[in-house]
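**Q** Sequence plus predicted model, see below.
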Amino acid sequence: MRSQQNRIVSHVVRQHAEEAAFFWAQRDTLMQDDPPDLDVVTGVDKRLEANLDGLRIAGPSAWPFIVATYEDFPEKGELFLFGWMAIELNDSRRIAEVVELGRQSEDDACGLVGALAWHQPAIIAPLVRDWVGTPDAFKRYLGVSACIEHLVDAKQMLGRLVRDPDARVRATSLRLAGKLKRADLVNELVASLKDADEHVRFWAAWALNEFGSCDLASPELRKVAVGGGPDALTALRAAVKATPDKDVRAWMGGLLRSPETAPLAVRGAGMLGDRTILHWLVHQMRQPALAAAAGAAFRELFPEARKDDTLFSVEPEVLGDAFAQYFDDVLPSLPVANRVKDWAKDVGQ
């Protein structure tokens with residue numbers, strides 16, 4: 001009977017480990033949606049926390065399952081789980097181990113940063129204090145990233161970190177300076193607009209924009225937005241925020257005239273907060289090249305529309321032959337223009 005009970009407990013702990021890794025990875029992916037559905041994220045958070053509670057109860061005996069989970073699938077969710085448990089148990093050996101695992105990751109150790117974000121600031125404070133002042137650039141990056149997640153001011157240390165020898169640390173520190181609106185660092189931010197690293201220049205512009213220095217920030221933000229890289233959407237949102245409404249609309253009008261930048265203009269229109277453009281968005285939804293951007297703009301302007309799961313589809317027979325041909329029969333979730341039009345009528349838009 002005892003051995004059978006142990007097998008049942010082991011199975012439960014293994015399931016908690018696997019599901020915790022899965023739910024955090026799902027959460028991280030959902031938060032990258034454009035725009036994210038925060039109600040769905042909240043539901044995932046509850047399921048994640050329930051599994052973490054199970055691992056808390058298991059304590060150190062959960063380690064074999066956590067290690068096995070990471071070895072079987074060394075991705076962001078599994079790195080989150082490893083880091084979360086190491087911090088939860090204040091296990092210095094495991095913390096050192098997960099730092100090395102994070103160092104080897106190819107996604108800026110987002111799972112480990114997520115573990116730092118999930119814990120309360122008081123729990124991770126000793127680690128962060130050590131890391132922001134260490135000669136190890138990766139640990140400095142982790143420390144500043146944790147400060148961003150918890151909006152903790154690194155005080156005088158931040159003045160050094162925005163000039164750090166490591167570009168990733170500089171970029172992350174500039175982002176923190178912007179979030180905290182550290183006006184005393186404006187000169188460093190302006191100087192960073194000429195940095196050799198493009199990510200450093202972008203986050204310097206973003207931070208300056210947070211201070212209201214849109215004249216300095218706008219050229220770099222617009223360049224990054226049009227460039228279409230991983231920071232493009234953040235840059236677009238900042239550029240919209242930085243510029244008077246009339247000037248933003250003029251800029252987007254110019255973008256709309258080029259096939260390469262037209263999707264950016266359609267997406268940016270949803271950031272203006274003007275719900276009267278709905279019928280214009282429906283028109284853009286009929287064009288395969290603009291439909292995804294129009295759908296994202298629609299969801300941002302009308303979050304209540306998420307309750308109707310018929311408004312978007314991945315089926316070629318629903319969206320039409322032009323969409324199937326454009327996307328080579330592998331369609332993302334796109335708005336169905338006629339259904340959105342009918343929805344608008346029903347809700348009085």
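**A** Noted; the coordinates are in hand.
**Q** my guess is Ala305 meets Gly295, correct?
**A** No: if you go by CB atoms under 8 Å, Ala305 and Gly295 don't touch, sitting 10.0 Å apart. From N, CA and C alone the C-beta is placed, and that goes for glycine too.
**Q** Pick out whichever of these two has more residues nearby.
**A** For Ala305 versus Gly295, neighbours defined as other CB atoms under 10 Å are more numerous around Gly295 (27 against 20).
**Q** Compute the distance between the closest residue to the more buried one other than its chain neighbours and His199, please.
**A** Distance criterion CB to CB, 6 or more residues apart in numbering; nearest residue to Gly295, sequence neighbours excluded, is Pro335 at 3.9 Å. Going from Pro335 to His199 by CB to CB, to the nearest Å gives 32 Å.
**Q** Check Leu38 too.
**A** In terms of CB to CB, Leu38 sits 27 Å off from His199.
**Q** So which of the two has more stuff around it?
**A** His199 (19 against 12).
**Q** Could I get the contacting residues of the more buried one?
**A** The contact partners of His199, by CB atoms under 8 Å, 6 or more residues apart in numbering, come to Ala167, Arg168, Ala171, Asp231.
**Q** so what's the spatially closest residue to Ala196 that is not a sequence neighbour scoring on pLDDT?
**A** Leaving out its chain neighbours, the residue that sits closest to Ala196 by CB to CB, 6+ apart is Ala167, at 7.9 Å. pLDDT, Ala167: 98.
**Q** Count residues in the vicinity of Ala167, would you?
**A** Neighbour tally, Ala167, other CB under 10 Å: 15.
**Q** again with Ala250
**A** With other CB under 10 Å as criterion, Ala250 counts 11.
**Q** Just the element for it, please.
**A** helix 245-256 (DSSP states H and E).
**Q** Restricting to C-alpha, output that helix in PDB.
**A** Output in PDB follows, covering the C-alpha atoms of helix 245-256 (Å, rounded to 0.1, in the frame of the first residue of the first chain):
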ATOM      1  CA  ASP A 245      -3.000  63.500 -33.100                       C
ATOM      2  CA  LYS A 246      -2.900  65.600 -36.200                       C
ATOM      3  CA  ASP A 247       0.800  64.800 -36.900                       C
ATOM      4  CA  VAL A 248       0.300  61.100 -36.200                       C
ATOM      5  CA  ARG A 249      -2.500  60.900 -38.700                       C
ATOM      6  CA  ALA A 250      -0.400  62.700 -41.300                       C
ATOM      7  CA  TRP A 251       2.500  60.300 -40.700                       C
ATOM      8  CA  MET A 252       0.200  57.300 -40.900                       C
ATOM      9  CA  GLY A 253      -1.400  58.700 -44.100                       C
ATOM     10  CA  GLY A 254       2.100  58.600 -45.600                       C
ATOM     11  CA  LEU A 255       2.700  55.100 -44.400                       C
ATOM     12  CA  LEU A 256      -0.600  54.000 -45.900                       C
END
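**Q** Please enumerate residues in contact with that helix?
**A** 222, 226, 239-240, 243, 261-262, 264-266, 268-269, 272.
**Q** what would the residues you listed look like in a markdown table with distance to Gly320?
**A** Compiled in a markdown table, those are given as follows (distance: CB to CB, whole Å):
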| residue | distance to Gly320 |
| --- | --- |
| Arg222 | 34 |
| Val226 | 29 |
| Ala239 | 33 |
| Val240 | 31 |
| Thr243 | 36 |
| Thr261 | 25 |
| Ala262 | 20 |
| Leu264 | 24 |
| Ala265 | 23 |
| Val266 | 19 |
| Gly268 | 26 |
| Ala269 | 23 |
| Leu272 | 29 |
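**Q** now, which of those lie within helices?
**A** Arg222, Val226, Ala239, Val240, Ala262, Leu264, Ala265, Val266, Gly268, Ala269 (DSSP state H).
**Q** now the residues you listed in TSV, with distance to Trp280, pLDDT and neighbour count?
**A** Listed next are the ones in helices among the contacts of helix 245-256 as TSV, based on distance: CB to CB, whole Å; pLDDT from 0 to 100; neighbours: other CB atoms under 10 Å:
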residue	distance to Trp280	pLDDT	neighbour count
Arg222	22	95	20
Val226	21	95	18
Ala239	20	92	29
Val240	17	92	22
Ala262	13	97	18
Leu264	16	96	23
Ala265	11	96	22
Val266	9	97	28
Gly268	13	96	24
Ala269	8	95	24
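**Q** buried sites along the worst-scoring helix or strand of the chain on mean pLDDT?
**A** Counting by mean pLDDT, DSSP states H and E, the weakest-scoring helix or strand in the chain turns out to be helix 2-31, with a mean of 83. By neighbour count with 16 or more other CB atoms under 10 Å, helix 2-31 contains the buried residues 13-14, 16-28.
**Q** Name all residues that make contact with the closest residue to Arg339 other than its chain neighbours.
**A** Once flanking residues are discounted, Arg339 sits nearest to Leu311: 5.3 Å by CB to CB, 6+ apart. Listed by CB under 8 Å, 6+ apart, the contact set of Leu311 reads Ala305, Pro335, Val336, Arg339, Val340, Trp343.
**Q** List the backbone torsions phi and psi for Leu311.
**A** phi -80, psi -20 (degrees, to the nearest 10).
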